[in-house]
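**Q** Predicted model, plus sequence, below.
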There are 2 protein chains.
Amino acid sequence: MQDHRAEGCQEECFHPDVVERVRTEMPGEPLQEELAQLFKVLGDHTRIRILNALCLSELCVCDLTSILGMNQSAVSHQLRVLRDAKLVKSRKQGKNVLYTLDDTHVSTLIRTGSEHIREGK
Amino acid sequence: MQDHRAEGCQEECFHPDVVERVRTEMPGEPLQEELAQLFKVLGDHTRIRILNALCLSELCVCDLTSILGMNQSAVSHQLRVLRDAKLVKSRKQGKNVLYTLDDTHVSTLIRTGSEHIREGK
DNA sequence: TTATCATATGAATGGTTGTTCATGTAATTG
DNA sequence: CAATTACATGAACAACCATTCATATGATAA
């Protein structure tokens, strides 16, 4: 026999009034989807290191490649992801492309996250 | 011919002094790895919705299943991930298990992220 | 006890994604 | 002009992960 109550309990196991209130007060789906997408971009070791580096100084791809000690192609790919998410912006200077943080929220997010980590132990 | 300078440019394309300073002032690797792991946990549509719901009220799994309109198994799996990351905590009450946010940082992260989204448009 | 309910969990799977390799492009230099 | 440099990008591959299905556990009720 299949489960015919895919979305909710059979009887009164939950509080319908609370559920209803939460449903109406929750942020809209588009915002939640974008929010998840934002954190997904932040949820990568390489990208976090890039952002932490850019918290300290404007840097070209070459600098980042040196700091991270990894493939230039990999760095460029991740910079593209960060650019698309509007977390970093770039400007050309001769042959180089210089990257900076695009937003003050980025450093706030990283700082808050770091606090959470430290207090977790 | 292969590329023998995997970690850095050949000559002086970058600023060694800046790179050196960034290297020393960057957070340690363990913290950055944990930070990426934290954001990775936040970077999922289902988990974001769970956290947003728990921002509004303590809820049992059944409530969440109803609010999210999805499989109970999927919800439980994601709650496990959130518990392991110390983002939520649970207590038993009869047959039910009630979940709440474990940390004030969580709501701060969500709020800051939401602001970033809103200002992006 | 047995039956039922709420939740947890292991296995399997389909989709996503980070890295590498190879190549392309734009700017500079000789 | 050709050669080199800094960066970007497309394809391919491997690893990871969210969901589903099936089942297990733990608590309550009959």
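**A** Cool, the structure landed.
**Q** Just the strands from chain A, written as ranges.
**A** A:59-60, A:88-93, A:96-101 (DSSP state E).
**Q** Do a quick rundown of the helices in chain A.
**A** Assigned by DSSP state H, chain A shows helices spanning A:16-25, A:29-42, A:45-56, A:61-68, A:72-84, A:104-119.
**Q** can I get those in a markdown table with mean neighbour count and distance to residue B:52?
**A** C-beta here means a position set from N, CA and C on the backbone, and glycine is covered the same way. Formatted as a markdown table, these follow (neighbours: other C-beta atoms under 10 Å in any protein chain shown; distance: least, C-beta to C-beta, whole Å):
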| stretch | mean neighbour count | distance to residue B:52 |
| --- | --- | --- |
| helix A:16-25 | 14 | 9 |
| helix A:29-42 | 19 | 6 |
| helix A:45-56 | 21 | 23 |
| helix A:61-68 | 23 | 33 |
| helix A:72-84 | 16 | 24 |
| helix A:104-119 | 18 | 17 |
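**Q** Serialize the ones you listed to a markdown table and add fields for mean pLDDT and distance to residue B:80.
**A** Formatted as a markdown table, the helices of chain A follow (pLDDT from 0 to 100; distance: least, C-beta to C-beta, whole Å):
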| stretch | mean pLDDT | distance to residue B:80 |
| --- | --- | --- |
| helix A:16-25 | 94 | 21 |
| helix A:29-42 | 97 | 18 |
| helix A:45-56 | 98 | 22 |
| helix A:61-68 | 96 | 32 |
| helix A:72-84 | 98 | 28 |
| helix A:104-119 | 93 | 19 |
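**Q** what's the neighbour count on residue A:90?
**A** 17 (other C-beta atoms under 10 Å in any protein chain shown).
**Q** That'll do, ta.
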